[in-house]
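S.K.: coords below, sequence missing:
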């Protein structure tokens, strides 16, 4: 579709974060067009002083599902530190009811993440099989300490599903210093070896090695962050030798005072420009290990970090449309975005909200009208920014959305 260059950021998202393109695929495009039609009707009614139409019978297309807040690590760089190891729990019957209702209304993918460590939940395998019985795409983000739990249910995964391990180091020395695992026998060699057992159990599973880049001077509250820039290339080589499909690099995020996740390259002790130069050099070195079996992925946040253009992705529209298409379901409640996980003003309702479909749909309509993303997300380098601006253009424009948003490709990755 034609885009207004003054409205849409020029930086190109990484393929895994090209949500605008994903939303043009069959199975996602149709619900998006229905959403656009509804939001056009809402604005038209409001402009005339008429009662706005109620939310349609819909559900998010993708969710982050935090099974638990429990974690067996004490990572200094953890963005969700304040939401860990709390007593809140899901009611599984209520959770299953909500998931089934969402799947019947358009839910396409679920990322089991955190919050805490998903494999610590006693029903982890049961939940994975339940989600696959609903024909959903499923992904897992894990710290790798309980890979055997994932291996035990690996047979349930299908093509396009993935498992990503948050490792952030190449040496066990740096891994231990950054993650501070609780319990014996948790080391980087063991984690990488047991990750290979997941692939051996089901080669269809995509296996990723996640590396959050940290630098001297970065901090979380009073916690000084361990630097790992120098381990980037060696981590890529370790990941390749261990049989991972890719390594994904992303920059460290901190939390702003109001709770949102923000990119703060100016925190570097040696200066922002020097850190950018070091990271770029290490990324280039890591890329030397790419081949037809192994990829080095630079996240969208890393791309704009290196280009010095992250501010492009902080220019948010007033309405965040992605909060209707992708939400976070946590024991702490349902939230409008992973960047606001655990933040009260971003909370739609209790953890079992989607078990009551009309209530959840009304809560989504309410937060669309009341959550001002141009203010609340003004410091957030938002991965969803390009998609939001395109959806906003579809709603605000005069063109037929179906003509302005051509269908692209075959059904595929539905993770938002």
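M.R.: On my side now, so go ahead. Please read these numbers as outputs of a predicted model, since none were measured by experiment.

S.K.: quick one, longest strand in this protein?
M.R.: Counting residues, the longest strand found in the chain (DSSP state E) is strand 206-213.

S.K.: helices or strands next to that strand in the packing?
M.R.: Where contact means 3 or more Cβ pairs under 8 Å, 6 or more residues apart in numbering; DSSP states H and E, strand 206-213 is packed against strand 162-166, helix 188-201, helix 232-241, strand 246-251. Quick note: C-beta positions are derived from backbone N, CA and C, even for glycine.

S.K.: and of these, who's closest to residue 314?
M.R.: Nearest to residue 314 among those is strand 246-251; the distance by Cβ to Cβ comes to 14.4 Å.

S.K.: Next, the angle strand 206-213 makes with the closest one.
M.R.: 30 degrees (axes from the mean of the first three to the mean of the last three Cα atoms, to 10 degrees).

S.K.: i'd like the first residue to be 49 from this point on
M.R.: Right, with 49 as the first residue, what we last looked at is strand 294-299.

S.K.: taking the mean pLDDT, what do you get for strand 294-299?
M.R.: The pLDDT scores in strand 294-299 average 94.

S.K.: Which secondary structure element of the protein has the lowest mean pLDDT?
M.R.: Ranked by mean pLDDT, DSSP states H and E, the weakest helix or strand in the chain is strand 309-311, scoring a mean of 52.

S.K.: Show the subsequent helix or strand relative to it.
M.R.: Where DSSP states H and E defines the elements, the next helix or strand beyond strand 309-311 is helix 320-335.

S.K.: so residue 377 makes contact with residue 107?
M.R.: No. Here residue 377 does not reach residue 107: they are 11.0 Å apart, not a contact under Cβ atoms under 8 Å.

S.K.: what touches both of those two?
M.R.: residue 402 (Cβ atoms under 8 Å, 6 or more residues apart in numbering).

S.K.: Now do the residue minimising distance to the centre of the chain, the pLDDT please.
M.R.: Taking Cα atoms, centre = their mean, the centroid of the chain lies closest to residue 386, which sits 6.2 Å from it. Residue-level confidence at residue 386 comes out at 88, pLDDT.

S.K.: Quick check: the gap between it and residue 211.
M.R.: 18 Å (Cβ to Cβ, to the nearest Å).

S.K.: Check residue 442 too.
M.R.: Going from residue 442 to residue 211 by Cβ to Cβ gives 34 Å.

S.K.: what about those two, which has more around it?
M.R.: Neighbour count, other Cβ atoms under 10 Å: between residue 442 and residue 211, residue 211 has more, with 26 against 23.

S.K.: For the more buried one, give me the pLDDT.
M.R.: Reported pLDDT for residue 211: 98.

S.K.: For it, give me its contacts.
M.R.: 187-188, 190, 198, 243, 246, 253-256.

S.K.: same thing but 6 Å
M.R.: Listed by Cβ atoms under 6 Å, 6 or more residues apart in numbering, the contact set of residue 211 reads 188, 198, 246, 253, 255.

S.K.: Scan the protein for its longest helix.
M.R.: helix 77-95 (DSSP state H).

S.K.: Show me what secondary structure element comes after it.
M.R.: Per DSSP H and E, helix 77-95 leads on to strand 110-114 as the next helix or strand towards the C-terminus.

S.K.: helices or strands up against that following strand?
M.R.: Judged by 3 or more Cβ pairs under 6 Å, 6 or more residues apart in numbering; DSSP states H and E, strand 110-114 is in contact with strand 157-161, strand 374-378.
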